[in-house]
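In: Coordinates for the following, if possible.
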Amino acid sequence: QIQLVESGGGSVQAGGSLRLSCTASGRTFFMMGWFRQAPGEEQEFVTSITLDTGHTFYVDSVKGRFTISKDNAENSVSLLMNNLKPEDTGVYYCRVGNTRNWYSRWGQGTQVTVSS
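Out: As a prediction, this is how the structure comes out:
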């Protein structure tokens, strides 16, 4: 069974920074990433990284501000979020996937709140 443990998040003012971390277990994964859901909105892809090559992908709205990276521990990633904006507010969820799809398992989510 896939297990996802997320940490980090919190409340900051616009322009501030936060770091999220996620550790996954349960099987071998090809990629890990983060999705977010703002109040009243649908879940949105934010970023992902392939665990073998480290290739990264970002939604346009966070390019140049967010950085996803692999941690030393197996199946662990961090998301450094700089220059945060109020529109980054939401619950951030860690997800894992194989070579073609994201698994349906979600982490518990961590709240990120950015005030103007």
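In: Quick one: residues contacting the residue nearest the centre of the chain.
Out: In the chain, the residue lying closest to the centroid (Cα atoms, centre = their mean) is Trp34, at 2.6 Å. Applying Cβ atoms under 8 Å, 6 or more residues apart in numbering, we find Trp34 in contact with Leu20, Cys22, Val46, Thr47, Ser48, Ile68, Leu79, Tyr92, Tyr93, Cys94, Arg95. From N, CA and C alone the C-beta is placed, and that goes for glycine too.
In: Nearest residue to Gly54 in space, please, no chain neighbours.
Out: Spatial nearest neighbour of Gly54, chain neighbours left out: Lys70 (6.2 Å); criterion: Cβ to Cβ, 6 or more residues apart in numbering.
In: for the one you found, phi and psi?
Out: Note on Lys70: backbone dihedrals following degrees, to the nearest 10 are phi -90, psi 140.
In: Which pLDDT value does the model give it?
Out: We have a pLDDT of 94 for Lys70.
In: same thing with Ser104?
Out: Looking at Ser104, the pLDDT reads 89.
In: So in that sheet, which strands flank the worst-scoring helix or strand of the chain on mean pLDDT, and in what orientation?
Out: Lowest on mean pLDDT, DSSP states H and E among the helices and strands of the chain sits strand 3-8, with a mean of 94. Sheet neighbours of strand 3-8, with direction, are listed as strand 18-25 (antiparallel) (DSSP bridges).
In: Which positions in the strand it pairs with come out as buried?
Out: Neighbour counts over strand 18-25 (16 or more other Cβ atoms under 10 Å) mark Leu18, Leu20, Ser21, Cys22, Thr23, Ala24 as buried.
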